[in-house]
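J.: got a sequence here, can you model it:
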Amino acid sequence: MKTIVLASNNKHKVEEYQSILSDYKLLTLSELNYLEDIEETGDTFEENALIKASTIHEFLKENNQDYIVLAEDSGLCINALNGAPGVYSARYSGVHGNSAANRARVLKELEGVSDRSAYFICIIALYYPNGEYKTYIGKTYGTITEEERGKTDFGYDSIFLSSDLGITFGEASEEEKSSVSHRGRAINEMLKDL
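T.: So this is what the prediction gives:
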């Protein structure tokens, strides 16, 4: 079984990738004893994905390990907010990973706004042991609801009404969400090469 290093310790992302990449053994950063935070200093999703992938590629090289590295950056882009929260999706409220506060800020900023169209985007960077890399893109479209719907507390799922599903990602099952999600679509592009 081929091994891929997933440049993340995000439990939700690890589970999502593991369910889709079931033919691969996934190693997380904590399993490699890589405990530092990688600064996402890029202005685009692609730059951030490549920063993460190349950082872990270099770490593996220093430790004489030859694995493919998979890194991603993803987020929510809202047309009426000029693409915000964008690359700041995880820290839109000022605190990294506070999903409830991030959703609250978005809903507040969209009060009285009629254009609520939005999309999720995911850019995957796959870095090979020889230093070559390739990126893959996935998008899914929808609108922002006026209130939270569904049980999930992950990211913006409970306020993103999927154009494909007709319900929010928060109301969708994991299987339904994966079938149309930005991450699922980027992974499917990547699988054509793997």
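
J.: tell me which residues of the helix or strand hosting A125 are tucked away?
T.: For A125, the host element (DSSP states H and E) is strand 117-127. Under the neighbour-count criterion of 16 or more other Cβ atoms under 10 Å, strand 117-127 has A118, Y119, F120, I121, C122, I123, I124, A125, L126, Y127 buried. Just so you know, the C-beta spots here come from the backbone N, C-alpha and C atoms, and that holds for glycine as well.

J.: helices and strands around that strand, which ones?
T.: Contacts defined by 3 or more Cβ pairs under 8 Å, 6 or more residues apart in numbering; DSSP states H and E place strand 117-127 against helix 45-62, strand 68-78, strand 133-144, helix 182-193.

J.: quick one, that strand and helix 182-193 angle?
T.: Angle of strand 117-127 versus helix 182-193, following axes from the mean of the first three to the mean of the last three Cα atoms, to 10 degrees, is 40 degrees.

J.: strand 133-144 and strand 117-127, what's the angle between them?
T.: Angle of strand 117-127 versus strand 133-144, following the same axes, to 10 degrees, is 160 degrees.

J.: what pairs with strand 117-127, parallel or antiparallel?
T.: Strands adjacent to strand 117-127 in the sheet, as given by DSSP bridges, are strand 68-78 (antiparallel), strand 133-144 (antiparallel).

J.: so which of the ones you listed is the most packed in?
T.: For the strands paired with strand 117-127, average neighbour numbers computed from mean count of other Cβ atoms under 10 Å are highest in strand 68-78, which has a mean of 24.

J.: who's in contact with the very next helix or strand once past that one?
T.: Once the chain leaves strand 68-78, the next helix or strand it forms, by DSSP H and E, is helix 99-109. With Cβ atoms under 8 Å, 6 or more residues apart in numbering as the test, helix 99-109 has contacts from 76, 78, 81, 84-85, 89-95, 144, 146-148, 153-156, 158-159.

J.: give me that answer again for 6 Å
T.: Helix 99-109 is contacted by residues Y92, S93, D153, G155, Y156, I159 when judged by Cβ atoms under 6 Å, 6 or more residues apart in numbering.

J.: save the helices and strands packed on strand 117-127 as a markdown table, and put in distance to L21 too.
T.: Output for those, formatted as a markdown table (distance: least, Cβ to Cβ, whole Å):
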| stretch | distance to L21 |
| --- | --- |
| helix 45-62 | 16 |
| strand 68-78 | 8 |
| strand 133-144 | 13 |
| helix 182-193 | 7 |
